[in-house]
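J.: build the 3D model from these lines:
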Amino acid sequence: MIIKTASNYHDGSFCLLKNGKVEEHIIAERVNHTKHSAICDEVIKYFGDTTDLKYCKLEETHHIFHAAHSFYDSGFRKAICVVVDGMGSNLTLTPPLFNEGSQGRESISVYQIEYPCKIELLYSEIVVPFKCNIDYQQYKFTSTCSPALMFQKTCESIGMNWYDAGKLMAMASYGKDVVDIKDEWFYGNDLRTIKLNKKLEIFQDQCDFAKSLQVKSQERVKDIILKMVEKTGCKNVCMSGGYFLNCVSNTFVQRHLPKDVNTFIEPICGDDGVSIGLAKLIWYETTQSKKIMPLENNYLGRKQKIDVQGKKVTPREVAQLLSEGKVVGIFQSRSESGPRALGNRSLLYDPRDPNGRDKINKLKGREDYRPLAATVLFEHAHKWFDMCELKESPYMLYALDVLSDNVPAINHVDGTCRVQTLKKKFNRHYHNLIKEFYKITGIPMLLNTSLNIAGDTIVETVDDAINTLNNSEMDYLYFPETSTLL
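T.: Modelled structure (predicted):
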């Protein structure tokens, strides 16, 4: 059974599902190089046959697709699914609680799901653009923005892009929790015109506000999860929605949950994953199958034909170049879905260089305060990072304390690093490269950031990768599947 779906608001995507498994997931921005874009003719042409294509529509219950996506990828038979994003579906609010024509948007939702597709709404926060604080059955109608929307609107207020929440999270590490975050600072006639009623013109003030926002938001999310676990007695928790790209918050929540609670954070948790959630929900509703198919990896992009002429190399030779301070891009056939580069579209560097962060940020045109990630061999992770009771971190969703002074390029100002733990079965070629680097240097990891330069999206095709090589100060581009170096 083949199902084709698409989401066509921001972060548009296509999904091709066959017998319940994702065959292909195409993110619009990777095709047209416009960040967070919706689907356009160029993207439709790239996807191909759109016969019987089913679209996620904005008026449908957006959060259900987030929840379904995380649940069916988790491997749990039954779970609480927590969704936190900026704004979900637009909802019409009706009398007698509200005036005729009132509107609200999904903010935070919690579902309980079990196979094949039994879905129960446990709790839902609906944010409205007027003063409100009403509890009605499982709903909370409130003028308090979701944590994700607070980050987005703060970004706008200090001159950043709506989608620059990751930068604000990085700035929080330079700040102190000294700001009294008040919800009434956020106001507006409708949700898209909400503004921050405070001027933050000095960098340190921005960092302090970001820190306080980080602390408040992660406490709020943690409290909701704990409350739902206590209410239901269910010890399996799935998380999705764009807020869960916040690695610092994810680590905070992980540290404060009871040890018997099992967690799964959907790595494609932004709106680019909604098309997968819709496809899987349709499949399970149609087939009534109880087959559990946990996510194996997120290399779900289209298979790329790699036909380039260059120098033939071994992983050892590439590792030697990295140990000598060379910047090497790595490109493999299928791109990673979601915003994190995990060794198929990555830019690699030696983590020992004390000037490494400045060098790579400058090369990519990024702000100098932004951290860089690391990929560490799974079997060595606990020696180099405080894993917070985690067995692994394959999708780079946690900011973990660094336990060594020997890798300064990946050590953020707060002493943490966004970590990908890597098993050989997850990515054989990438694992072999890091293993060779370990043999040479005694360091079982590489600095890893996405293969792109500022303003552009992560590369999708071979031509994209070569253009990035030619238009940046990268030293080499490595194609391990054909053992080729450019």
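J.: how about the strands in the stretch 351-486 of the chain?
T.: 373-377, 399-401, 416-422, 445-450, 476-479, 484-485 (DSSP state E, counting those that start in this stretch).
J.: the longest one - what's its average pLDDT?
T.: Translated: strand 416-422. Throughout strand 416-422, pLDDT has a mean value of 98.
J.: and whichever helix in the chain runs longest, what's buried?
T.: In the chain, taking DSSP state H as the definition, the longest helix is helix 203-232. Buried positions in helix 203-232, judged by neighbour count with 16 or more other Cβ atoms under 10 Å: 205-218, 220-222, 224-226, 228-229, 232. (Glycine included, C-beta is placed from N, CA and C.)
J.: isn't Tyr438 right up against Pro444?
T.: Yes. Tyr438 lies in contact with Pro444 (Cβ atoms under 8 Å); the separation is 4.2 Å.
J.: who's more crowded, the two?
T.: Shown here are Tyr438 and Pro444; by other Cβ atoms under 10 Å, Pro444 has more neighbours (20 against 17).
J.: show the contacting residues for the more buried one.
T.: Val376, Leu377, Glu379, His380, Trp384, Ile434, Lys435, Phe437, Tyr438 (Cβ atoms under 8 Å, 6 or more residues apart in numbering).
J.: anything in contact with each of Tyr438 and Pro444?
T.: Joint contacts of Tyr438 and Pro444 (Cβ under 8 Å, 6+ apart) are Leu377, His380.
J.: before we move on, the earlier item: top of the contacts of Pro444 by number of neighbours, please.
T.: Val376 leads the contacts of Pro444 on contacts (other Cβ under 10 Å) with 28 neighbours.
J.: helix or strand next in line after the least confident helix or strand in the chain by mean pLDDT, which one?
T.: Ranked by mean pLDDT, DSSP states H and E, the weakest helix or strand in the chain is strand 186-187, scoring a mean of 60. Following strand 186-187 in sequence order, the next helix or strand is strand 195-196 (DSSP states H and E).
J.: neighbouring strands of that following strand in the sheet, and parallel or not?
T.: Counting by DSSP bridges, the strands paired with strand 195-196 are strand 186-187 (antiparallel).
J.: isn't Leu278 right next to Cys56, touching?
T.: Yes. Taking contacts as Cβ under 8 Å, Leu278 lies within contact range of Cys56: 5.1 Å.
J.: give me the common contacts of these two.
T.: Taking Cβ under 8 Å, 6+ apart as the criterion, Leu278 and Cys56 both touch Thr5, Ser7, Phe65.
J.: looking at the residues you listed, which are in strands?
T.: Thr5, Ser7 (DSSP state E).
J.: from Ser240, how far off is Phe385?
T.: 24 Å (Cβ to Cβ, to the nearest Å).
J.: who's more crowded, the two?
T.: Ser240 (32 against 26).
J.: phi and psi next, for that one.
T.: phi -150, psi 170 (degrees, to the nearest 10).
J.: gap between it and Ile276?
T.: 10 Å.
J.: now swap in Glu336 and tell me
T.: In terms of Cβ to Cβ, Glu336 sits 14 Å off from Ile276.
J.: was I right to think Cys269 contacts Met239?
T.: Yes. Judged on Cβ under 8 Å, Cys269 makes contact with Met239 at a distance of 7.1 Å.
J.: quick one: common contacting residues for these two?
T.: Ser70.
J.: pLDDT wise, what is Pro96 at?
T.: The predicted local confidence for Pro96 is 87.
J.: now do the contacts for it.
T.: Per Cβ under 8 Å, 6+ apart, neighbours of Pro96: none.
J.: by residue count, which strand of the chain is the longest?
T.: Max-length strand for the chain by DSSP E is strand 102-114.
J.: quick one: buried residues of that one?
T.: Of the residues in strand 102-114, those buried (16+ other Cβ under 10 Å) are Ser102, Gly104, Arg105, Glu106, Ser107, Ile108, Ser109, Val110, Tyr111, Gln112, Ile113, Glu114.
J.: separation between Glu23 and Arg302?
T.: Taking Cβ to Cβ, one finds Glu23 at 10 Å from Arg302.
J.: please say which of the two ends up with more neighbours.
T.: Arg302 (19 against 14).
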